[in-house]
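Colleague: mind looking at a prediction? Sequence and model below.
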Amino acid sequence: MKTIAHSILAILPLVLAPGAFAQHQTFTINPDASQVAFFLGGADHGTHGTFHVQSGMVDFDRSMPKISGSIIVAAGSGNSGNQNRDHKMTTEVLDAAHFADVSFVPQSYQGTIAASGDSTIQVTGVFTLHGTPHDMTVPMQIHIDGPNCTAKTHFSVPFVKWGLKDPSILFLKVAKEVGIDLTLTGHLNPAS
């Protein structure tokens, strides 16, 4: 009887270990399948466009609100379909020559990340724009389907309040905040 009990106790950690490790995962973002869409309101019209996600990897643990990593967006990749406007945005407003990256570094989250299907959490981290870090909390909708993961969020960036140049001119006034829709697509792997 003691031998059976010892055998069960010896096997138990091996049986439980995969479940424990499955709580801790790495989300590797596919830049080509991900996108940053923006909307800037204006007096006569709004401007829609995109930026390119350069890279991203997020390490998280389902058993505790522990999250780390970074998402990097190329500041010079702004595309609204108007070359003159895009040049002004990337050179005069974002100063991409000196501040090539816009980044978000997650630090903690609230809520529960389901092993599969849909989850909604609040992610708190540091958003760095024009070389200046800003604390930010964003809502994040996550969809997990096997090894595939998509994370989406919408938030506003008060770029003028944060010290960037106001692109408004004489009769063409634009909003002081830009709306951001971020879609990250990639794969989940057990954390190393």
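Modeller: Here it is on my side, so go on.
Colleague: element containing the residue most central in space within the chain, please.
Modeller: Centroid-nearest residue in the chain, with C-alpha atoms, centre = their mean: Ile71, separated by 5.5 Å. Per DSSP states H and E: Ile71 is located in strand 66-74.
Colleague: helix or strand next in line after that strand, which one?
Modeller: helix 83-88.
Colleague: which helices and strands does that next one pack with?
Modeller: Applying 3 or more C-beta pairs under 8 Å, 6 or more residues apart in numbering; DSSP states H and E, one finds that helix 83-88 contacts no other helix or strand. The C-beta positions use only the backbone N, C-alpha and C, and glycine is treated the same way.
Colleague: correct me, but Val126 touches Thr132?
Modeller: No: between Val126 and Thr132 there is no contact under C-beta atoms under 8 Å: 10.2 Å.
Colleague: now for the nearest residue to Ala75 once chain neighbours are set aside: which residues touch it?
Modeller: Counting by C-beta to C-beta, 6 or more residues apart in numbering, Ala75 lies nearest to Ala96, which is 4.0 Å off, once chain neighbours are set aside. Residues near Ala96 by C-beta atoms under 8 Å, 6 or more residues apart in numbering: 74-76, 90.
Colleague: mind redoing it with 6 Å?
Modeller: Taking C-beta atoms under 6 Å, 6 or more residues apart in numbering, we find Ala96 in contact with 75-76, 90.
Colleague: which single one of those is nearest to His45?
Modeller: His45 lies nearest to Thr90 out of the contacts of Ala96, by C-beta to C-beta, at 20.2 Å.
Colleague: what is the burial count for Ala115?
Modeller: The local packing of Ala115 (other C-beta atoms under 10 Å) involves 12 other residues.
Colleague: an error on my part: the question was meant for Ser68.
Modeller: With other C-beta under 10 Å as criterion, Ser68 counts 15.
Colleague: give me the beta-bridge partners of it?
Modeller: As for beta bridges, Ser68 partners with Asp59 under DSSP bridges.
Colleague: do Val126 as well
Modeller: With DSSP bridges as the criterion, Val126 is bridged to Val105, Asp135.
Colleague: my guess is it contacts Phe104. True?
Modeller: No: at 7.3 Å, Val126 does not count as touching Phe104 under the criterion of C-beta atoms under 6 Å.
Colleague: who has more neighbours out of those two?
Modeller: Phe104 (23 against 14).
Colleague: need the pLDDT of the more buried one.
Modeller: At Phe104, the model reports a pLDDT of 97.
Colleague: about what we covered before: which ones are touching the residue nearest to the centre of the chain?
Modeller: Here Ile71 is in contact with 56, 104 (C-beta under 6 Å, 6+ apart).
Colleague: all helices for this structure, in order.
Modeller: Ranges of helices in the chain, per DSSP state H, are 2-22, 83-88.
Colleague: which of the ones you listed has the lowest mean pLDDT?
Modeller: Looking at those, the weakest mean confidence is helix 2-22, a mean of 43.
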